[in-house]
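*Asks:* model the structure of this input:
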Amino acid sequence: MPELALAAAERRRSAGEAFFSAEAESIARVCHRMAERFARGGRLIAFGEGAIARSDARHVAVEFVHPVIVGKRALPALALTAEGGPVDEQMRLLTESEDIALAFGDHPRTVAALRVARERGCLTLATSHTGAEWEFVPEELPGGEDDAFIAQELVETLYHVLWELVHVFFEHRGLLEGRSERIVHDSGASSFLYPFLGQQEDDLESVVADVRASVLEKAAQASELRAQTLHDGEQGLREAAAALRTRLDAGGRILALGNGGSATDAMDAVADLRFPPDGWPVRAGIDLTEDPGILTAIANDVGADSIFSRQVIAHGRPNDVLLAFSTSGGSRNVLAALAEARRRGLLTVALVGYDGGRIVGEGLADHVVVTSSQHIPRIQEAQASAWHVLRELIEHPEPE
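*Replies:* Numbers count the residues shown, from 1 in each chain. Okay, the predicted model is just below:
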């Protein structure tokens, strides 16, 4: 494996192995507790102050409300971020006793909001040391400027795993507090993914053990796909970083976009540009997913296929870059935006999943990094790593 990809993948592998090995038991148990809350009508409230916390909170909400695995039910979730006002005040208005509160970051208002959630009787989770009942904090990272990036990648895998595995307990209703049903669950078409769904409903510890093993398996899969993406995409990342650096140094901006979870990846990319690690220059970025008024106006009056291309027309300048996140490589609004950007002389960069879809097949972007997988959560996790390495390479180019 080339040196850059090897080093970046190894830092992430070692950090992920340490984090999930330490937390797998707690993750399995909290999935059970979350399922109990959902079964009793609770909601997941993801919240945090600041640009990075915002992207994570919104990513959590879209994953739970709009499940990407066929057959999984939608579970109620809200994201409370600074756009709606101080998050602690929002928590006072909206939280209820059966809710689940998931905090991102350690901003004082986030800590205050978490305190409100505990007072209300919510189940509380956090990704920092902020006083939650369940804290999942990536620590003892391997060192380097990208520690914050790696920590966020681990947190993304964490909440994807929570989403994937809470359904196991939710489907074992006989194991949920307050329910008396004791039926052996028929795992049906899901059996090849989760064979333990068919276990007896009175054996909680056996299900917890299997879920714990699944946490470790999913974390290992995430590490493997990150390594594969960085290895296969190293040359593309180097070339894209050089081209991006040239445009940014000339006064260009990065216009970022995506749909659903990929929209929150675009949010994160812009946050990383505007609020980089200490010592890195601030870079200009525009999040084309950010304004619901613009998005809904275009979707309503023109059509959803134009929600990004119309904004490229409004904002795009020849020195700018369009950065597209797509798991499929075939979303029509992404394709239209790439085509419009190319017509206007923008540089185009795409991070895509599956086999690259139409973006690769039709050569619709100047630089493309492909994550070869069909599992959307794992694709998004690997794309986060690819973006973070790309962001680092913009500021710290390495020799070929």
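
*Asks:* going forward, measure contacts between C-alpha atoms and count neighbours the same way
*Replies:* OK.

*Asks:* now the helix or strand encompassing A339: buried residues?
*Replies:* In this assignment (DSSP states H and E), A339 forms part of helix 332-343. Buried residues in helix 332-343, defined by neighbour count with 16 or more other CA atoms under 10 Å: N333, V334, L335, A336, A337, L338, A339, E340, A341, R342.

*Asks:* list the contacts of the nearest residue to the fifth one once chain neighbours are set aside.
*Replies:* The one in question is A337. Excluding its sequence neighbours, the residue lying closest to A337 (CA to CA, 6 or more residues apart in numbering) is S309, at 4.1 Å. Counting by CA atoms under 8 Å, 6 or more residues apart in numbering, S309 touches N333, V334, A336, A337, L338, E340, A341.

*Asks:* just give me the neighbour total for A250.
*Replies:* A250 sits with 11 neighbouring residues when counted by other CA atoms under 10 Å.

*Asks:* and what of T124?
*Replies:* T124 is flanked by 23 other residues according to other CA under 10 Å.

*Asks:* now T296
*Replies:* Neighbours of T296 using other CA under 10 Å come to 14.

*Asks:* what's the answer for G251, then?
*Replies:* The number of residues near G251, taken as other CA under 10 Å, comes to 12.

*Asks:* who's in contact with it?
*Replies:* Neighbouring residues of G251 by CA under 8 Å, 6+ apart: N319.

*Asks:* assign it to helix, strand or coil.
*Replies:* With DSSP: H, G, I helix; E, B strand; the rest coil as the basis, G251 sits in coil.

*Asks:* for it, give me the pLDDT.
*Replies:* pLDDT, G251: 96.

*Asks:* same check on I69?
*Replies:* pLDDT, read off for I69, is 72.

*Asks:* that one falls within a strand, correct?
*Replies:* No. Counting by three-state DSSP, I69 is not part of a strand but coil.

*Asks:* tally of neighbours for it?
*Replies:* If you count neighbours by other CA under 10 Å, I69 ends up with 11.

*Asks:* residues near R73, how many?
*Replies:* Neighbour number of R73 under other CA under 10 Å is 14.

*Asks:* ranges for the helices of the stretch 51-200 of the chain?
*Replies:* 51-65, 87-94, 108-120, 147-171 (DSSP state H, counting those that start in this stretch).

*Asks:* tell me where the stretch 1-150 of the chain is predicted with low confidence.
*Replies:* Within the stretch 1-150 of the chain, the ranges that satisfy pLDDT under 70 run 1-2, 70, 140-146.

*Asks:* try 80
*Replies:* Along the stretch 1-150 of the chain, the model assigns pLDDT under 80 to residues 1-2, 68-72, 139-146.

*Asks:* list the contacts for the residue positioned nearest the centre of the chain?
*Replies:* In the chain, the residue lying closest to the centroid (CA atoms, centre = their mean) is E156, at 4.8 Å. With contacts defined as CA under 8 Å, 6+ apart, E156 is in contact with D56, E381.

*Asks:* and the gap between it and E49?
*Replies:* Distance of E156 to E49, computed by CA to CA, to the nearest Å: 17 Å.

*Asks:* cool, and N319?
*Replies:* With distances taken as CA to CA, N319 is found 32 Å from E49.

*Asks:* who has more neighbours, those two?
*Replies:* Looking at N319 and E49 with other CA under 10 Å, you find the greater number of neighbours at E49, namely 25 against 19.

*Asks:* three-state assignment of the more buried one?
*Replies:* Secondary structure, three-state DSSP: E49 is coil.

*Asks:* quick check: it vs A7, distance?
*Replies:* Counting by CA to CA, the gap from E49 to A7 is 32 Å.

*Asks:* that older thread, out of the helices of the stretch 51-200 of the chain, which is closest to A271?
*Replies:* Each of the helices of the stretch 51-200 of the chain has some distance to A271 by CA to CA; the shortest is helix 51-65, at 5.5 Å.

*Asks:* buried residues in that closest one?
*Replies:* Buried residues in helix 51-65, counting neighbours by 16+ other CA under 10 Å, are found at 51-64.

*Asks:* low-confidence stretches in the stretch 201-350 of the chain?
*Replies:* For the stretch 201-350 of the chain, the stretches with pLDDT under 80 are 201-202.

*Asks:* any idea how the chain splits into domains?
*Replies:* 3-221, 225-395 (automatic domain parsing).

*Asks:* contact partners of the helix or strand hosting L351?
*Replies:* L351 belongs to strand 347-352 when assigned by DSSP H and E. Outside strand 347-352, the residues that touch it by CA under 8 Å, 6+ apart are 240, 243-244, 319-329, 338, 341-342, 359, 365-371, 383, 386.

*Asks:* would you confirm that R58 contacts T264?
*Replies:* Yes. Contact status for R58 versus T264: in contact at 6.5 Å, counting by CA atoms under 8 Å.

*Asks:* G252: what's it in contact with?
*Replies:* By CA under 8 Å, 6+ apart, G252 lies in contact with A284, R317, P318, N319, D320, V321.

*Asks:* so who does the fifth one touch?
*Replies:* Taking CA under 8 Å, 6+ apart, we find D320 in contact with R247, L248, G252, R253, I254, L255, L346, L347.

*Asks:* can you list those residues in TSV and add distance to E83?
*Replies:* Output for the contacts of D320, formatted as TSV (distance: CA to CA, whole Å):
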residue	distance to E83
R247	30
L248	28
G252	26
R253	23
I254	22
L255	20
L346	30
L347	31
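
*Asks:* what is the burial count for D210?
*Replies:* By other CA under 10 Å, 15 other residues sit near D210.

*Asks:* for whatever helix or strand it lives in, packing partners?
*Replies:* Using DSSP H and E, D210 sits in helix 204-249. With contacts taken as 3 or more CA pairs under 8 Å, 6 or more residues apart in numbering; DSSP states H and E, helix 204-249 sits against helix 3-39, helix 147-171, strand 347-352, strand 367-370, helix 376-395.

*Asks:* got the buried residues for the first one?
*Replies:* In this case it means helix 3-39. So for helix 3-39, counting by 16+ other CA under 10 Å, buried means 4-6, 8-13, 15-17, 19-20, 23-39.

*Asks:* how about the residue nearest to W387 when sequence neighbours are not counted, secondary structure?
*Replies:* Closest residue to W387 apart from its sequence neighbours, by CA to CA, 6+ apart: A269 at 7.3 Å. For A269, the assignment made with three-state DSSP gives helix.

*Asks:* cheers, nothing more for now.
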